[in-house]
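**Student:** Pasting a predicted model and its sequence here:
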Amino acid sequence: MTAFWTAPDFDDHEMVQLVHDRASGLTAILALHSTHLGPGAGGTRFWHYADGEDAMRDALRLSRGMSYKNAMAGLPMGGGKGVILAGSDRIKTPEMLAAFGDAIEALGGRYVCAEDVGMTEADMVAISKRTQHVTGLPSADGAAAGGDPGPFTATGIYLGIKAAVLHKLGKDSLAGLHVAVQGCGSVGSGVARHLAAAGARLTLADIDEARAARLAGELGAAQVPTGEIMDVACDLFSPNALGAIFDDASIARLAAPIVAGGANNQLARPEHGPALAARGILYAPDYVINAGGIIAVTLEYLARRSGEPCAIAEVQRRLKEIPARLSGIWQKAEASGLAPDQVADAMAQRLIGR
Ligand code: NAD
């Protein structure tokens with residue numbers, strides 16, 4: 001096994017901690033990439049990994065992505081991520097969540113936890129019994145933001161998709177456009193509902209075929225097997241499942257002029273951003289377009305700490321900044337000859353002092 005500090009995904013992370021609690025069976029990784037702008041904020045993922053190396057790679061990549069995401073979204077937060085290694089039974093117990101909450105509390109606020117793949121609002125409530133450094137908690141007040149970040153992420157992606165369609169296709173309406181959506185979970189289903197309401201024609205896929213079928217039925221969409229979604233000839237491909245989906249082979253197959261979706265770490269390797277650009281495909285850097293959820297849960301966290309309600313209007317105002325941020329990146333990319341992800345990475349690195 002490669003030592004993680006010599007692994008390609010290690011990027012001068014400030015802290016990488018292995019958490020093991022024998023009594024509950026919890027095994028987790030807490031990774032802080034940069035706290036230059038504030039405490040490391042980012043969701044915790046609950047996933048059954050092939051091995052520890054795979055989980056470490058995810059923690060390193062996702063925590064760096066959070067540094068970039070928070071910086072680009074103008075939040076006073078650094079980048080952190082939790083990864084809980086699910087067993088093959090994928091059982092998550094209250095005792096595991098309590099032990100995980102204790103590990104977060106022991107960091108004294110250097111890491112702020114929220115939902116990611118495999119973690120729910122109820123899990124955040126369980127963790128909040130052991131630490132105050134958790135957000136994405138249900139709001140008691142309907143006028144306040146809070147809770148599951150998925151819908152906020154989906155709204156930001158939808159706004160980003162509209163900007164991408166205007167930029168690449170010169171259209172200010174989505175009516176009649178064909179969008180292929182990969183992943184019909186919290187984010188993907190929200191994106192699909194926004195797109196359907198705007199008149200787009202949808203093709204959906206999810207490894208949970210029943211879930212995709214339910215959404216397709218609700219929205220009058222088509223459904224294809226997961227192995228075929230990247231071959232669908234369409235106006236826009238929206239990846240909303242897991243990362244590392246764009247590699248040499250998939251980029252060659254892609255039959256859409258725009259890629260804009262919420263999955264984290266979509267590019268398998270750094271050269272795949274320029275590879276998309278070389279094919280004339282407009283790419284919305286993932287951590288810029290999918291920042292809606294972290295914007296909402298960060299404002300929720302900061303408001304709770306100052307004893308104020310988190311105003312939904314302020315969250316919405318910040319979500320509306322996402323399209324202009326993307327347009328700025330695409331313009332800079334065109335002017336410089338760099339790919340959009342390279343432009344965004346350079347901007348983010350400057351913001352976090354690297
Ligand atoms: P989720 O668990 O609710 O949904 C993920 C969906 O993808 C599931 O339905 C799953 O069955 C499906 N899936 C997994 N592998 C697939 C594959 N190979 N092909 C098709 N479908 C597949 O998770 P989510 O919260 O919707 O997150 C989706 C992505 O967006 C993740 O990459 C996550 O890190 C990212 N993201 C989420 C948020 C958020 O607010 N939830 C914020 C930013 C980024």
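**Tutor:** Done, it's in.

**Student:** contacting residues for the residue in the stretch 1-150 of the chain positioned nearest to the ligand?
**Tutor:** Shortest the stretch 1-150 of the chain-to-the ligand distance, computed as CB to the nearest ligand atom: residue-wise this is residue 149, at 3.7 Å. Yep, even glycine has a C-beta here, placed from its N, CA and C like the rest. Applying CB atoms under 8 Å, 6 or more residues apart in numbering, we find residue 149 in contact with 43, 114, 115, 136, 292, 293, 294, 296, 297.

**Student:** Next: residue 15.
**Tutor:** Under the criterion of CB under 8 Å, 6+ apart, the contact partners of residue 15 comprise 30, 31, 32, 110.

**Student:** Now do the same for the closest residue to the ligand within the chain: its pLDDT.
**Tutor:** Among residues of the chain, the one nearest the ligand by CB to the nearest ligand atom turns out to be residue 185. It sits 1.7 Å away. pLDDT, the model's per-residue confidence, is 94 for residue 185.

**Student:** and it, how many residues sit next to it?
**Tutor:** By other CB atoms under 10 Å, the residues close to residue 185 number 17.

**Student:** Out of the contacts of residue 149, which is nearest to residue 348?
**Tutor:** For those, the residue nearest residue 348 by CB to CB is residue 294; the value is 13.5 Å.

**Student:** so how far is residue 312 from residue 149?
**Tutor:** Residue 149 sits 13 Å away from residue 312 when distances are taken as CB to CB, to the nearest Å.

**Student:** Most widely separated two among the contacts of residue 15?
**Tutor:** Set against one another by CB to CB, those have their most distant pair in 31 and 110, with a gap of 11.3 Å.

**Student:** what are the ranges of the strands in the stretch 51-200 of the chain?
**Tutor:** If DSSP state E, counting those that start in this stretch is used as the criterion, the strands of the stretch 51-200 of the chain fall at 78-85, 111-115, 178-182.

**Student:** picking up where we left off before, the residue of the chain closest to the ligand and residue 239, how far apart?
**Tutor:** Distance, residue 185 to residue 239, by CB to CB: 12 Å.

**Student:** Quick one: name the residues of the protein near the ligand.
**Tutor:** Residues of the chain found near the ligand, taking CB under 6 Å from any ligand atom as the criterion, are 116-117, 149-150, 153, 182-188, 205-208, 211, 226, 240-243, 262-264, 290, 293.

**Student:** Return the members of those residues classed as buried.
**Tutor:** With burial judged by 16 or more other CB atoms under 10 Å, the buried subset of the residues of the chain next to the ligand is 116-117, 149-150, 153, 182-188, 205-206, 211, 240-243, 262-264, 290, 293.

**Student:** mind listing which of those residues are in helices?
**Tutor:** Applying DSSP state H to these, the entries found in helices are 150, 153, 186, 187, 188, 211, 293.

**Student:** for the stretch 51-200 of the chain, what are the low-confidence residue spans?
**Tutor:** Within the stretch 51-200 of the chain, the stretches with pLDDT under 70 are 140-145.

**Student:** Residue 20: neighbouring residues, count only.
**Tutor:** Applying other CB under 10 Å, we find 12 other residues in the vicinity of residue 20.

**Student:** Help me confirm that it comes into contact with residue 30.
**Tutor:** No. At 11.6 Å, residue 20 and residue 30 do not qualify as touching, with contact defined as CB atoms under 8 Å.

**Student:** Spatially, which two of the ones in helices among the buried ones among the residues of the chain next to the ligand are the most separated?
**Tutor:** Farthest-apart pair in these is 211 and 293; separation 19.7 Å (CB to CB).

**Student:** Quick check: the residue of the chain closest to the ligand touching residue 205?
**Tutor:** No. Contact between residue 185 and residue 205 fails when scored by CB under 8 Å: they sit 11.9 Å apart.

**Student:** picking up where we left off before, distance to residue 324 added to the ones in helices among the buried ones among the residues of the chain next to the ligand, as CSV?
**Tutor:** Below are these laid out as CSV (distance: CB to CB, whole Å):
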residue, distance to residue 324
150, 23
153, 18
186, 25
187, 21
188, 24
211, 33
293, 19
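
**Student:** partner residues bridging residue 267?
**Tutor:** Listed beta-bridge partners, residue 267: residue 246 (assigned using DSSP bridges).

**Student:** give the contact list for it.
**Tutor:** Contacts here follow CB under 8 Å, 6+ apart; on that basis residue 267 touches 244, 246, 273, 286, 341.

**Student:** So the third one sits against residue 343, correct?
**Tutor:** No. Contact status for residue 273 versus residue 343: not in contact, 9.4 Å apart, counting by CB under 8 Å.
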